[in-house]
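3D, please:
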Amino acid sequence: MSSNDGRIPVKSVTSFDADFDVIRDALFTHQVLVFKNQGGTSPKAQYELTRRFDPAATSYGHGKTIDAKRSILHPDLKTIPHQPQVQVIGNGFVSEYEGLKDIRLKHPHHKTFHATAIPAQDDLDFTRFYRWHIDAALYGLAPPVATTLLAVQVPGGRRQICRYDDGTGDELDVPLGTTAFVSGYTMYDLLSEADKEFARSTKVEYAPHPYIWISNAKSCSDGLGLVSQGQEIPLSDLPPIEEDKIQILPLCWRNPVTGKLALQVHPSPVRKLHLADGTVINDLNKVREIVHRLQRPGIAPKMVYAHDWKEGDFVLFHNRGVLHSVVGAFAEDEVRLFRQCNVAASHFPEGPAEGLAAA
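Sure thing, here's the model as predicted:
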């Protein structure tokens, strides 16, 4: 994870042609890049840079997921009319921005998604990781290679304590409204040799229409996966399911430049685990327990990069190498305005047995 501190000699992300190979190699090496003072970047330029990592890609990363009113993603994203691959996210009322008028943005709050919540009287001082995830539809469309975020307006000043509330006592001092990142490569490296072998040889099956399937379910207090309370939407109540769109992906994805393996799982929509011997674990509680046990060391406080956003920050992150989470609790009058872009990839990520020449 790296910032634009001289090692990446790029003056502006809006004129990236000559520098793209540098940016690409830096992204796959460092996973998170921060370019300062990029407030003039247009939505079109943001989309073009994001898509440059996979020129054959065209669709917004979550596809039509955000159009489904039952999806957990529906309230959080608004589409820029003249550049529909770019979304507006944030908090508070915005009278006009890039063709959108009189919009009210709502920063996700853990009390709407977690099984337990921090008491209201402590809300401005303490917070949680909302949901550790990768940006991906996980049904039909391949996970995006990269995501870009531009900070247009950032409320400053306050900091909060992000609590795990899982009995460990873990907590982390964070800037208000930070985006938290953890490395899937570190997450893999922290595993025991036995768990590494398990991770390399196992695949995860995601639920069909995953963000509708989990729309009534609640998260663990550390934001890393869901509590099993039987609240998932029955498959019979989901929109029509196309079997060939159900995704069964490796637990580990290989980096195209370094050859390293990342433990890259979106813990919330996991449904089954497919083991090397052909066994399928379909006990949902057990599946979640296994995935959480594997991933939890990788979100320990010392493993988290919590970005301290400033207006004009343009963050580019490797969506196939990191997990990230929204963090923070805003007051109603604290306005936060960001632009986000990712595009569904034209290909699926390589697993441990693939891309060995890169290693």
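
surely residue 26 and residue 34 touch.
No. Using C-beta atoms under 8 Å, residue 26 is not in contact with residue 34, being 11.0 Å away. C-beta here means a position set from N, CA and C on the backbone, and glycine is covered the same way.

give me the more crowded residue out of the two.
residue 34 (23 against 20; other C-beta atoms under 10 Å).

what's the spacing between the more buried one and residue 44?
21 Å (C-beta to C-beta, to the nearest Å).

same thing with residue 54?
17 Å.

looking at those two, which is more packed in?
Taking neighbours as other C-beta under 10 Å, residue 54 and residue 44 compare with residue 54 leading, 17 against 14.

can you pull the contacts of that one?
By C-beta atoms under 8 Å, 6 or more residues apart in numbering, the contact list for residue 54 reads 144-145, 343, 345-347.

switch to 7 Å and redo it
145, 343, 345-346 (C-beta atoms under 7 Å, 6 or more residues apart in numbering).

which SSE is immediately downstream of the worst-scoring helix or strand of the chain on mean pLDDT?
Here the helix or strand of the chain ranked lowest by mean pLDDT, DSSP states H and E is strand 2-3, holding a mean of 43. Later in the chain than strand 2-3, the nearest helix or strand by DSSP states H and E is helix 20-30.

C-terminal to that next one, what's the next element?
Next along from helix 20-30, by DSSP H and E: strand 32-35.

after that following strand, next one along is what?
helix 43-52.

quick one: residue 124 and residue 330 touch, right?
No. Using C-beta atoms under 7 Å, residue 124 makes no contact with residue 330, being 8.8 Å away.

comparing these two, which shows the higher neighbour count?
Neighbour comparison, residue 124 and residue 330: the larger count goes to residue 330, with 22 against 15 (by other C-beta under 10 Å).

tell me the contacts of residue 296?
residue 224.

that one should be in a strand, yeah?
No. With DSSP: H, G, I helix; E, B strand; the rest coil as the criterion, residue 296 is assigned helix and is not in a strand.

and the pLDDT at residue 62?
Listed pLDDT for residue 62 reads 65.

center of the protein, which residue is that?
What sits nearest the mean C-alpha location of the chain, by C-alpha atoms, centre = their mean, is residue 134, with 3.3 Å.
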